[in-house]
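Visitor: The amino acid sequence is not available; the structure is as follows:
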């Protein structure tokens, strides 16, 4: 019997931290997964986590744990797969250190991820984006901050974590204006700024002041905005914008929708997906492919290329309201 604890500790201190140099968010995610697994195994076997061996973490118990996540904790298939990824990473590391448990480890590594339905990407049109940007009250300091924040997020396609981490020194104005940010895996990237974004940022930086290492977007007390605070501001301004742009009422806005909106605006402008991947900081261009399925106008343009010359372009529209009703049944 070989205890799990020493290898588990080495997995975090040696494998993740020193060898892979994993980000704090990755380490925290793996930590939470394995803590849940050990607590679940303790309930099933009656053994303390420090006394568990690899035979206790067999394919049966791992499968039961994954089922527990879905049925008892009501996790989605996507979350279940993320937890399985963390477990598989630990067991791949253990396979190198414990060949005597090769059979148990191989059985766990053979557990497949669960297929799940991919969500349709939600994004804002140009009119909806502008309505959202115009929603903050410009007579208030918070409103001017939020307008700048929304403008930058929509134009640069930033993740929430990237937005929170921005400092004033990350904004370069003038010739070659751009914003520098650190994305997933601590990958650095630079995104150019449009003229409207430059104008808003120039005004905000003048009002904001501070040193290059100070946070770009802060609370009244000078602290960085949190993820929850940004989500709350986006939701509040979306409600206000919906009064002038009714189409926003049917959309559930969260900060990542603004990132999707940036990607869709680039795609609709004819920008190649490889360039969009660089713009958004995607590690693989395949991450950009879902945007191709999200916009009907892209497929309509493709259809127009193969439409006979004598066919009038455009979508089908019934010529009569009664016919439209019958078509909708």
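Guide: Nice, thanks for sending it over. As the structure is a computational prediction, the values presented were derived from the model and not from experiment.
Visitor: how about the strands of the stretch 101-250 of the chain, start to end?
Guide: 171-172, 178-182, 188-192 (DSSP state E, counting those that start in this stretch).
Visitor: Make JSON lines out of the ones you listed and add mean neighbour count, mean pLDDT and distance to residue 202.
Guide: All C-beta spots, glycine's among them, are computed from the backbone N, C-alpha and C. Output for the strands of the stretch 101-250 of the chain, formatted as JSON lines (neighbours: other CB atoms under 10 Å; pLDDT from 0 to 100; distance: least, CB to CB, whole Å):
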{"stretch": "strand 171-172", "mean neighbour count": "18", "mean pLDDT": "93", "distance to residue 202": "9"}
{"stretch": "strand 178-182", "mean neighbour count": "18", "mean pLDDT": "90", "distance to residue 202": "13"}
{"stretch": "strand 188-192", "mean neighbour count": "15", "mean pLDDT": "89", "distance to residue 202": "15"}
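Visitor: Out of those strands, flag the one nearest residue 21.
Guide: strand 178-182 (13.5 Å; CB to CB).
Visitor: Contacts for the closest one next, please.
Guide: 152, 156, 158, 162, 165-166, 170-172, 188-193, 281 (CB atoms under 8 Å, 6 or more residues apart in numbering).
Visitor: quick check: angle from that strand to strand 188-192?
Guide: 160 degrees (axes from the mean of the first three to the mean of the last three CA atoms, to 10 degrees).
Visitor: about what we covered before: tell me which of the strands of the stretch 101-250 of the chain approaches residue 72 most closely.
Guide: strand 178-182 (36.6 Å).
Visitor: And that closest one, how far out from the chain middle?
Guide: Offset of strand 178-182 from its chain centre (CA atoms, centre = their mean, to the nearest Å): 17 Å.
Visitor: Next: stretch 203-214.
Guide: Relative to its parent chain, stretch 203-214 has a centroid offset of 27 Å by CA atoms, centre = their mean.
Visitor: where does the stretch 201-329 of the chain dip in pLDDT?
Guide: For the stretch 201-329 of the chain, the stretches flagged by pLDDT under 70 are 283-319, 323, 329.
Visitor: Next, count neighbours for residue 245.
Guide: Counted with other CB atoms under 10 Å, the neighbours of residue 245 add up to 20.
Visitor: Tell me who's in contact with it.
Guide: Residues counted as contacts of residue 245 (CB under 8 Å, 6+ apart) are 127-128, 131-132.
Visitor: now swap in residue 222 and tell me
Guide: residue 215.
Visitor: Numbering from 55 from now on, please.
Guide: Right, with 55 as the first residue, what we last looked at is residue 276.
Visitor: What ranges does the stretch 205-354 of the chain have for its helices?
Guide: 214-219, 249-262, 281-295, 309-322, 327-334, 344-348, 350-360 (DSSP state H, counting those that start in this stretch).
Visitor: Farthest pair within the contacts of strand 232-236?
Guide: It's 219 and 246 that sit farthest apart of the contacts of strand 232-236, by CB to CB, at 19.1 Å.
Visitor: okay if I get the helices of the stretch 205-354 of the chain as a markdown table plus mean neighbour count and distance to residue 127?
Guide: As requested, the helices of the stretch 205-354 of the chain are arranged in a markdown table below (neighbours: other CB atoms under 10 Å; distance: least, CB to CB, whole Å):
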| stretch | mean neighbour count | distance to residue 127 |
| --- | --- | --- |
| helix 214-219 | 19 | 24 |
| helix 249-262 | 15 | 41 |
| helix 281-295 | 17 | 21 |
| helix 309-322 | 21 | 23 |
| helix 327-334 | 17 | 31 |
| helix 344-348 | 15 | 27 |
| helix 350-360 | 10 | 37 |
